[in-house]
Each structure stands twice: as C-alpha cells, then as structure tokens.
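A.B. asks: 3D model of this:
(2 chains)
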Amino acid sequence: KNEVEQSPQNLTAQEGEFITINCSYSVGISALHWLQQHPGGGIVSLFMLSSGKKKHGRLIATINIQEKHSSLHITASHPRDSAVYICAVTSGSRLTFGEGTQLTVNP
Amino acid sequence: KAGVTQTPRYLIKTRGQQVTLSCSPISGHRSVSWYQQTPGQGLQFLFEYFSETQRNKGNFPGRFSGRQFSNSRSEMNVSTLELGDSALYLCASSPSTRDYEQYFGPGTRLTVT
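C.D. replies: Numbers count the residues shown, from 1 in each chain, chains lettered A, B, ... in the order given. Here you go, the predicted structure:
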C-alpha cells in the first residue's frame, strides 16, 4: 500500500463545477503539500499545510491530522485548471508523493 | 529573485553512458533535493543536500549520486545508464531543511536509447 493515496486518479468536469480531490496518508508527517503539474513538467506548489485550512483564490485546501486526510477543492473550475494535482507529505526530511489526479475541465 | 534553474532541459544519451545534471537553487536557499518522475513510478525522492552534505537518500542504486557545492548549486550524476533511467529529473530548493516548502525547477528530461 502506498504511503500517500489520492482519489480520484482521473477527473473530468465542466467549466464552473466544484471539484474535490482527496488525499490520505499513512505516515507521520510534518507537512502536507498540494502541487500542480502542467504538461511539460513544471511543478508549482499550491499549498503547504500542517493543520486546518488554507485558501488562495478559487483553491481551498484542508487537512484533518487525526484522520490523516486532506482535500483540495477548486471552486468555479476553469479549463486553465486542467493539470495533474499531486499530494505529497513531508516525513522526516523527504517528500513522498501520491500518484496524482489528472483533472480535465471542459469549456 | 530568479527561480530554480536546471540544465540541460533535454538530454538524449545511450545505454551505458553517464550523465550529469545541474541545478541552481533560488538565491539564499541552502537545501536542494532531487526527484525522478517516470510514468510507471511517479515522483520519487532521490536525495537531499544541505551545506554540501547529503542528508537523505532514497531507494536508488549507487549509480545515482550527487553533490552540492559551496554556492549551493547541486549536480546529480547517473553512471552506466539504463533504459529505465529515462525520466524527468526535478530538483527543488528550500531555504533550509526546516523549511518544508520546496520550490521546483523546470526539470531535465532525460531519454536513454
């Protein structure tokens, strides 16, 4: 079993829809990260959180430490949100990654 | 501030050759980590350097090595290349090992033929 599990693996939505991507982990962590990767490979860090909730524009990330679970929400989704979203956890001094969620938002 | 830079961006090598990839962190960042991304295995941690010392190493064979210089720039080397080493190699920097947020470079896409 992977230490970081994401669901769903693939997600297709219509523009404007509310999107949720889930991440569960099985190890002790110092922080949890949500990353975005566009075609071509570049990775952008969206959020780093160790408790509670963070919001940036249309993106919201939450984490429940007791349940070892995090969610990434995208409100009013847009085609430019199409990308791979990756959950990763810092455990010790290394990052361990989930397999990623391929999101496609259709106009 | 300039972001993390990686050179070269693309590289084609032949089986059995060796390759060296370079990463320049954000100015002031002293921690550099390297990751391998393949379609089959996803993103995997290779190693982390801080102040010219390797602090952590992932589960990769000894053919994968790295080093960090006094200006925090880092190189990784892969010897005796195998077809399975074809991947996107990403480096990321952070101010210190206690700063968990990492800033990723654009990656080097290595193809082994």
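A.B. asks: who does the lowest-mean-pLDDT helix or strand in chain A pair up with?
C.D. replies: Ranked by mean pLDDT, DSSP states H and E, the weakest helix or strand in chain A is strand A:94-97, scoring a mean of 87. With DSSP bridges as the test, strand A:94-97 is paired with strand A:83-91 (antiparallel).
A.B. asks: in contact with residue B:18, which residues?
C.D. replies: Residues in contact with residue B:18, defined by C-beta atoms under 8 Å, 6 or more residues apart in numbering or on different chains, are B:77, B:78, B:79, B:80, B:81. C-betas here are computed from N, CA, C, even on glycine.
A.B. asks: ok, back up a step: after the least confident helix or strand of chain A, which helix or strand is next?
C.D. replies: Counting by DSSP states H and E, the next helix or strand C-terminal to strand A:94-97 is strand A:101-106.
A.B. asks: partners of that next one, with directions?
C.D. replies: Using DSSP bridges, the strands paired with strand A:101-106 are strand A:10-14 (parallel), strand A:83-91 (antiparallel).
A.B. asks: for chain A, what are the nearby residues on chain B?
C.D. replies: Residues of chain B lying close to chain A (C-beta under 8 Å from any C-beta of the partner chain) are B:33, B:35, B:37, B:42-45, B:48, B:55-56, B:58, B:88, B:90, B:92, B:97, B:100-104, B:106-107, B:109.
A.B. asks: out of those residues, which end up buried?
C.D. replies: B:33, B:35, B:37, B:42-45, B:48, B:55, B:58, B:88, B:90, B:92, B:97, B:100, B:102-104, B:106-107, B:109 (16 or more other C-beta atoms under 10 Å in any protein chain shown).
A.B. asks: so of these, which ones are in helices?
C.D. replies: Among these, DSSP state H puts none in helices.
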